[in-house]
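quick one, structure for this:
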Amino acid sequence: MPHWSGIEKGSRTAHIIAGCLFLLATAGCIIVGQHLWTEFVPRVPVYPHAQDIENDAHYPIDDRASQMNRWIYGYRLSFRTPDPATSVAAFYQAALAQSGWEPEYLQIESQDDAYLIYSKKRSDGVEAERLVMFASREFEHPGAKIAVRIIIGDFATMQARYPLPHS
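Below you'll find the model as predicted:
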């Protein structure tokens, strides 16, 4: 019995058309999924004099939830630089301010150490993300470079994991 378009149900042509539609739908889902993932991956610039750069968009922030087989992931950028921690901190203070991040805590005591905590709010004013940056001199390595680690995650998890230091 002919179908509405003249293609018989169960024919080879019908199977080919169904297969093509399935492939198109699958490809569309993959493209949209990749776009959404890259849309939500936090963007922070890489320091101009960064070396040994590691980027991890699936960094486990809170492993305490692993007992329930549920990890909470965030974003991590780490690198080394011959520049002092004060230069790295100044670069990120300017770059983060331009991107809408607000400082919560800044501790820059010397050329060797810096600790920054920033947060970013959603359009409704609720804090959505927290960024933590550690920069410290690696005295045990030749050349004594500054090691920098930046971690970004949802605000509640990061607040529990990296609370503001007491003044």
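
can you list the weak-confidence ranges in this protein?
1-10, 14-15, 18-23, 25-42, 60-72, 140-144, 167 (pLDDT under 70).

now do the domain split for it, please.
1-40, 44-161 (automatic domain parsing).

need the distance between the two termini of the longest one.
Across its full length, domain 44-161 reaches 20 Å end to end, with Cα to Cα, to the nearest Å as the criterion.

mind listing the helices for the chain?
12-40, 85-98, 155-161 (DSSP state H).

leaving out sequence neighbours, find the closest residue to residue 121.
residue 127 (5.4 Å; Cβ to Cβ, 6 or more residues apart in numbering). Placement of C-beta: from N, CA and C, glycine included.

same thing with residue 148?
Per Cβ to Cβ, 6+ apart, closest to residue 148 is residue 135, 4.6 Å.

pretty sure the one you found sits against residue 89.
Yes: with contacts counted by Cβ atoms under 8 Å, residue 135 reaches residue 89, the gap being 6.4 Å.

rewinding a little: how close does the residue nearest to residue 148 sit to residue 84?
Using Cβ to Cβ, to the nearest Å, residue 135 is found at 9 Å from residue 84.

what touches both of the two?
Contact criterion Cβ atoms under 8 Å, 6 or more residues apart in numbering; residues shared by residue 135 and residue 84: residue 146.

what's the residue nearest to residue 148 in contact with, if anything?
With Cβ under 8 Å, 6+ apart, residue 135 has these contacts: 85, 88, 89, 113, 114, 115, 146, 147, 148, 149.

before we move on, what about residue 104?
117, 118, 119, 130, 164 are the contacts of residue 104 under Cβ under 8 Å, 6+ apart.

show me which of these are buried.
Neighbour-count burial (16 or more other Cβ atoms under 10 Å) is assigned, among these, to 117, 118, 119, 130.
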